[in-house]
Every structure is written in structure tokens, then in C-alpha cells.
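> give the three-dimensional model of this entry:
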Amino acid sequence: MKTMTDNQIIQDSKQQCKLRGIDPEQPPVFANRLSAEQLKTQVSKYREVIEVIDFFVHKFLSSITGTPILVAISDDEGYLLAFQGDPTIIDTIRQIGLGEGALMNEDVGTNSIALCLRHKRPFQLVGEDHYQQILHRLACCTAPFHNEDNQILGTISFMADIDVTHPHLLPLLCTMADSIERELLLRQSNAQLELLNQMLLETNYLGVIITDEHGKIADINENGMNMLEIEQTRYYDIIGSSVFELTEIGHYFERTLMLNDQCTGLELALERSGSIQHFMMDVVPAFDSSGKLSRVIGSLRNITEMKRTEEVLRNTEKLVFAGQLAMSIAHEIRNPLTTVKGMLQLSNKDSRLPHYDLIMSEVERMNLIVSEFLILGKPQAVHFKNERCSAILQEMLGIFAIQVRMNNITVTRNFQEDLEIKCDRNQIKQVFLNILKNAMEALPFGGDIMITLAVEDGFQAITIADNGEGMSEEVLLKLGEPFHTTRFNGNGLGMMIVKKIVSAHKGHITIKSEIGQGTAVKIFLPA
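I've put the predicted structure just below:
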């Protein structure tokens, strides 16, 4: 369908006025009006809109002092809600019956508000474009303004004497309408953020820290201050300071601010009053309607009690079955293992076996693994000593050396920074063994494994990455659950044990994977 020009639309409107029997020599008749109560309700509904428009109108009128001009605001149906501008023009239009509450539709004659709402675009009438002769001395232009769904929320109109009007009046009005839309969206976004902030801050179990887009603390609730051991009297000192100064959580906010990425489900073990308290932390970015980072919201939840009841949770059906299965496997392994150990000791008496100490060390570690299966539902006693990750990794890689060559796998080491960690050597060996084994299984036809040692945020970071099959997001979410495995002969217990060991060492694990691209497991252990 061909789009009508403004002139065609005006002529068509005038023809409709004739058909309705409107007398062009008489003033407009405003038969449809809001009652006083209805007008009050509608003005209240548009209160914020009128307030925003008032701000822009005052700036506009102050720049054209001495020019007689009227500004009118209507709702989305064309009911007039408010006037501003030259008192003389306002008095004049009131004399012809035009006032707040009047409906500006085409029943009152050709007018810019009705045409703007009908055709959903800005409209201008100058002089004889109006149907009634009494309006031939006026220039009227109207522009719509929209809500966040791009639906017309209402209109803003200029009315001026034809002698003082300007050809740029309509473009100026359109610019003002755009500014009004942006301000309304910004206010709505800020109101939503404020409501969200208030709801979060008033929760009785979450510690909440809210920062601006630069990392300056905008607010923190009482729970948050208690959890971070900040005295309540320092509240006003904290507001406006940098969240990066809070060393226990600052680097998580930094990651979110720098990468616009959320950090969720982080487990923190913090020393409080001489004991270790466990917290679950989420740090998420909040964006405004334009997609710009507006706030970063961090929440802390004390999960110490949940950790303390972990022993009870292990008695769920899956873990009971895991214990039974592990015990059955362990008993089957222990008997031949004892035989192997005895025969090795006996053989060593006759002739010194090459690598005897290493073999016996691994046999002992196998025995420890079997014991761990036997007491899967009960934490094993650990013995912490200062160790270097590089030494443990080298030992593990020595064990896998033959299998690596046979499977055509290339292992690359990048030991950038190697710090001492306080750990149970056997348990950390178990962690590396499980992850290396998973990496090799992901490379059935050969490939690359990259092992990196670095220091991040005071942690020794060990990354074991492969370019193998990769995992879907669904598989990643379930990783570590007992019996959840993608391997034909797997049991799903390996990653569960890995996570338990790392957690017991006050560390944490991140896993990134993409199907067809590979998997990177990063282990963080306190240096």
C-alpha cells in the first residue's frame, strides 16, 4: 500500500470533517472530556512523564524568552493532561474550550495530535492546514514519545502564532521527544535497580555488596559488613571506597568488572574468630537498558552449617551405593595388591630392582586409594607438608610417560611460577592423576596436553588443558556428581573425589570446555 503524503493526509482529514458536518466557521467543539476525577487519575499515572517533560520544557522556554509559544502534553489516546508556556496563548485556547481533559481526536476537526496518534509519527499543521478558520493564525506540531516496548506513551505539542513560527520547530520538538524517551528509560532502569538493591540489602541471610561500574562501593548491608568483619561504625568510610581494597573478595569483583562476566557458586574458606567459616559467593554484573554495565552485585552466604552436615548428606542413596560399590571394588583389588607388594619386597632381596623405591611408593599410594574407596563417606586423615607442585607433577608425568608415547600424545610443560604449597602429597597426586587420566581419555586418537604452572591472586594455579573431545554445558553442570560419567567404563567418582580433596586444601577448581575444542581444568591451591 502506497504511503500517503502529509498533504494528502491533511486533505483527507478535512474531507472527513465535511462529511461529519463540522462547520469551519465555528470554533471546535470538545464533546469528549475526562471528568475531574478521571483527569486527576490520569495526571497521577503520567506524573513522572509530566515531571520529565517539565524539565525539558523549562529549559526550552528559557532559551526563547519573549516568543509566544504553548506546550501541550497528551496521553496515548489524545486526552490533554497539561499546558505550559505563554499565558496569553493559554488564555486564548481556554476561551475556545480547549483545556485539560479535552480529547483531541478528529471529531473536533483536523489537528496535529489526532493525526500524530493515528499515523504514529510526528505531524505539523500550519495556518490553513487547520479545518476551522479560527485556527488559521496558528502553527501546531506534535511528536509522539514511546515506552521501552516502542509503544506510544503520549504526545508533546508546540502551538505558536504563525508569524513567529520557525521551520525547525518540528525537528526541535522531535529531538525533545527523543530526550524525554531516554530520560524515562533511564529513570525506569534506575528505579528497577534501586528496587533490586533494596530487596537484596534487606535480606536477612545474605551479605550484599553493591558497586558502581568503576568498583566503588555504592552500598553494603549489615550482614555483608559482619561477614567481612567490618565494624558497623565504618559504614560511611566504606561507601565510596574501592571494593578492590577488600582483599578477601576484591579480585572476584575485578574479574567481573574487567570481563563483564559473572562469578557464581564460588566457595570461600575464611578464618573468623580463630575458626574457618565457609561462604558461598556470587558476583554478577547488572546492565542498564542500553547494555552498559551499571552495577556489580556481590552476595555472600554462610554455608558453614551446610558443610558441617556434609557427613549426614553423604548418607543419601547415591553415596550409600557409592560406598558399597567402592568397598566391593577395594576388596577385590586389595588381595592381589598385597601379593604384588610382597613379591616385590621378596625380589628386591635377591637383586636390586631398578626404580624399586618409585614402584613401592606407587603401590603404597594405590593402597591409600583403595582405603579411600573403603571410607568414601568419611574424610580421610590428611598430613600437610610443604611441597612443590612441579615435583608432584613431574612424578605423575613419569608414571604416564609410556602411555603418552603409545597414544601419540604430546605433553607440553610451561612452569612459569612454582611456589610451595601446604598439602597432603598423596592426595594432590590423586588429583593430578585423575585429571591427567581424563585428559588422556579425551584424546583417543592422540593430541596435545598443556600443563601450566602460574600464580594468580596468591594461589598456585595449575592448568591441565587438552584439545580433545570437549564437553557440553549440560555435562559440565553435572560434573562431580556420583555416577555421572560419559565414559563407557567410568563410575563418575573421580571428579567428585578431586573436588573434595581440593576443597579440603582450601582451594577451588574451574573447568572450561567446548565440544570439539577441548577442556581446560584449572586448580587453585593456596600458596
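> quick check: closest non-adjacent residue to residue 34.
residue 101 (4.0 Å; CB to CB, 6 or more residues apart in numbering). C-beta coordinates here come from the backbone N, C-alpha and C atoms, glycine included.
> surely that neighbour is in contact with residue 38?
Yes - assessed by CB atoms under 8 Å, residue 101 is found in contact with residue 38 at 7.5 Å.
> who's more crowded, the two?
Ranked by neighbour count (other CB atoms under 10 Å), residue 101 and residue 38 place residue 101 first, with 18 against 12.
> helices or strands next to the lengthiest strand in the chain in the packing?
In the chain, taking DSSP state E as the definition, the longest strand is strand 275-287. Here strand 275-287 touches helix 250-259, strand 263-272, strand 293-302, helix 304-308, going by 3 or more CB pairs under 8 Å, 6 or more residues apart in numbering; DSSP states H and E.
> give me the buried positions along the first one.
When burial is assessed from 16 or more other CB atoms under 10 Å, helix 250-259 yields the following buried residues: 250-254, 256-257.
> then stretch 88-100?
Buried residues in stretch 88-100, counting neighbours by 16+ other CB under 10 Å, are found at 89-90, 92-93, 98, 100.
> hang on, residue 99 in a helix?
No - judged by DSSP: H, G, I helix; E, B strand; the rest coil, residue 99 forms no part of a helix; its state is coil.
> and it, what pLDDT?
Per-residue pLDDT puts residue 99 at 85.
> next one: residue 95
For residue 95, the model assigns a pLDDT of 79.
> swap in residue 146?
Confidence at residue 146, expressed as pLDDT, is 89.
> ok, now which ones touch it?
Contacts for residue 146 (CB atoms under 8 Å, 6 or more residues apart in numbering) come out as 152-153, 181.
> in strands, which of those fall?
152-153.
> in a markdown table, list the contacts of residue 146 along with distance to residue 232, neighbour count and pLDDT.
Putting the contacts of residue 146 into a markdown table (distance: CB to CB, whole Å; neighbours: other CB atoms under 10 Å; pLDDT from 0 to 100) gives the following:
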| residue | distance to residue 232 | neighbour count | pLDDT |
| --- | --- | --- | --- |
| 152 | 49 | 16 | 90 |
| 153 | 44 | 18 | 90 |
| 181 | 42 | 18 | 84 |
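> tabulate the contacts of residue 146 (a markdown table), appending distance to residue 275.
Shown next, in a markdown table, are these (distance: CB to CB, whole Å):
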| residue | distance to residue 275 |
| --- | --- |
| 152 | 61 |
| 153 | 57 |
| 181 | 55 |
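> ok, of the contacts of residue 146, which one's closest to residue 22?
Nearest to residue 22 among those is residue 152, at 25.5 Å by CB to CB.
> so what's the closest one up against?
By CB under 8 Å, 6+ apart, residue 152 lies in contact with 76, 117, 120, 144-146.
> residues near residue 6, how many?
Using other CB under 10 Å, residue 6 has 15 neighbouring residues.
> correct me if wrong: it contacts residue 121.
No - using CB under 8 Å, residue 6 is not in contact with residue 121, being 9.5 Å away.
> for stretch 132-151, buried residues please.
By 16+ other CB under 10 Å, the buried positions in stretch 132-151 come out as 132, 135, 138-146.
> next: stretch 405-425.
Neighbour counts over stretch 405-425 (16+ other CB under 10 Å) mark 409, 411, 418-419, 421, 423-425 as buried.
> stretch 262-269 now?
Buried, per 16+ other CB under 10 Å, within stretch 262-269: 263, 266-269.
> neighbours of residue 503, how many?
With other CB under 10 Å as criterion, residue 503 counts 16.
> surely it and residue 267 touch.
Yes - between residue 503 and residue 267 there is a contact at 6.8 Å, judged by CB under 8 Å.
> what's the closest non-adjacent residue to residue 213?
Nearest non-adjacent residue to residue 213, counting by CB to CB, 6+ apart: residue 293, 4.6 Å away.
> so how many other residues sit close to that neighbour?
15.
> you'd agree it is up against residue 261?
No - the criterion here is CB under 8 Å, and residue 293 misses it with residue 261 at 11.1 Å.
> in the sheet, who's paired with residue 159?
Residue 159 has these beta-bridge partners by DSSP bridges: residue 70, residue 140.
> for it, what are its contacts?
Each residue near residue 159 by CB under 8 Å, 6+ apart is listed here: 69-72, 89, 93, 138-140.
> how about residue 403?
By CB under 8 Å, 6+ apart, residue 403 lies in contact with residue 440.
> against residue 126, how distant is the residue nearest to residue 34?
Taking CB to CB, to the nearest Å as the measure, residue 101 falls 27 Å from residue 126.
> what's the answer for residue 307, then?
76 Å.
> ok, residue 358 next?
Distance of residue 358 to residue 126, computed by CB to CB: 97 Å.
> ok so, going back, possible to save the buried residues of stretch 405-425 as JSON lines with pLDDT and secondary structure?
Below are these laid out as JSON lines (pLDDT from 0 to 100; DSSP: H, G, I helix; E, B strand; the rest coil):
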{"residue": "409", "pLDDT": "88", "secondary structure": "strand"}
{"residue": "411", "pLDDT": "90", "secondary structure": "strand"}
{"residue": "418", "pLDDT": "86", "secondary structure": "coil"}
{"residue": "419", "pLDDT": "86", "secondary structure": "coil"}
{"residue": "421", "pLDDT": "89", "secondary structure": "strand"}
{"residue": "423", "pLDDT": "89", "secondary structure": "strand"}
{"residue": "424", "pLDDT": "87", "secondary structure": "coil"}
{"residue": "425", "pLDDT": "86", "secondary structure": "helix"}
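> can you pull out the strands in the stretch 101-250 of the chain?
Assigned by DSSP state E, counting those that start in this stretch, the stretch 101-250 of the chain shows strands spanning 123-126, 138-146, 152-161, 206-212, 217-220.
> residue 472 is nearest to which of the ones you listed?
Closest of the strands of the stretch 101-250 of the chain to residue 472 is strand 206-212, at 31.3 Å (criterion: CB to CB).
> now for that closest one, which elements pack on it?
In terms of contacts (3+ CB pairs under 8 Å, 6+ apart), strand 206-212 is packed against helix 169-201, strand 217-220, helix 222-227, helix 250-259, strand 293-302.
> quick one: which of the ones you listed is nearest residue 25?
Smallest distance to residue 25 across these (CB to CB): 27.5 Å, for helix 169-201.
> residue 207 contacts residue 229, correct?
No - Residue 207 is beyond contact range of residue 229, at 11.0 Å (criterion: CB under 8 Å).
> which of the helices and strands packed on strand 206-212 sits closest to residue 451?
helix 250-259 (23.1 Å).
> lowest-confidence helix or strand of this protein?
When the helices and strands of the chain are compared on mean pLDDT, DSSP states H and E, helix 310-313 comes out lowest with a mean of 56.
> hmm, back to that, in the longest strand of the chain, what counts as buried?
Within strand 275-287, the residues scored as buried using 16+ other CB under 10 Å are 278-283, 285-286.
> which single one of those is nearest to residue 448?
The nearest member of these to residue 448, counting by CB to CB, is residue 283 at 32.8 Å.
> how many residues are close by residue 171?
13.
> likewise the one 4 residues further on?
For residue 175, the number of neighbouring residues by other CB under 10 Å comes to 13.
> could you shift the numbering so residue one becomes 57, and keep it that way?
In the new numbering, first residue 57, that becomes residue 231.
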